[in-house]
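**Student:** this one's sequence-less:
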């Protein structure tokens, strides 16, 4: 069953490798016997389900989380069971890719309104006037 990222994108199970190791998380004596930590490995460059544009967006967004070969590696060991850890890992993986593929919001440049500019200049003039009034008068007799 493919992993659905959004309405137009899904990744086949064959392109994601899962492996299990012993966990350092909860489980008591169970930790020493059962491989409950799940590791997900996803090779971005070999993925056939993503377009070149999507791969570039993911690489830009998640580049620091990938190794030099372009493999994204994630692990989960919060739960005692391997199944629960796998489900959590898939959920986190989908969330990461959804955020990476979201369209960017560009800032629309705006002008400073004329009234705001006038108000700022008016307040500066007012401040100057206040300081001028407070200033001690100079004696012209000494000169």
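**Tutor:** Perfect, I can see it now. Nothing here was measured: the structure is a model prediction, and the numbers come from that model.

**Student:** which residues in the protein form strands?
**Tutor:** In the chain, the strands defined using DSSP state E lie at 3-6, 9-11, 16-21, 37-43, 71-76.

**Student:** buried set for the fourth one?
**Tutor:** Across strand 37-43, burial judged by 16 or more other C-beta atoms under 10 Å covers 37-40, 42. Where C-beta positions appear, they are placed from N, C-alpha and C, glycine not excepted.

**Student:** tally of neighbours for the closest residue to residue 54 other than its chain neighbours?
**Tutor:** Using C-beta to C-beta, 6 or more residues apart in numbering and skipping residues adjacent in sequence, the residue nearest residue 54 is residue 101, 6.0 Å away. Using other C-beta atoms under 10 Å, residue 101 has 17 other residues around it.

**Student:** Over to residue 119?
**Tutor:** For residue 119, using other C-beta under 10 Å, the count is 11.

**Student:** What pLDDT is listed against the residue nearest to residue 62 when sequence neighbours are not counted?
**Tutor:** Nearest residue to residue 62 in three dimensions, chain neighbours excluded: residue 100, at 5.7 Å (C-beta to C-beta, 6+ apart). Note on residue 100: pLDDT of 90.

**Student:** thought residue 100 was touching residue 56?
**Tutor:** No: using C-beta atoms under 8 Å, residue 100 is not in contact with residue 56; the gap is 10.3 Å.

**Student:** What residues does the closest residue to residue 71 other than its chain neighbours make contact with?
**Tutor:** With C-beta to C-beta, 6+ apart as the criterion, residue 71 has its nearest non-adjacent residue at 5.1 Å, and that residue is residue 43. Applying C-beta atoms under 8 Å, 6 or more residues apart in numbering to residue 43 gives the contacts 15, 69-71.
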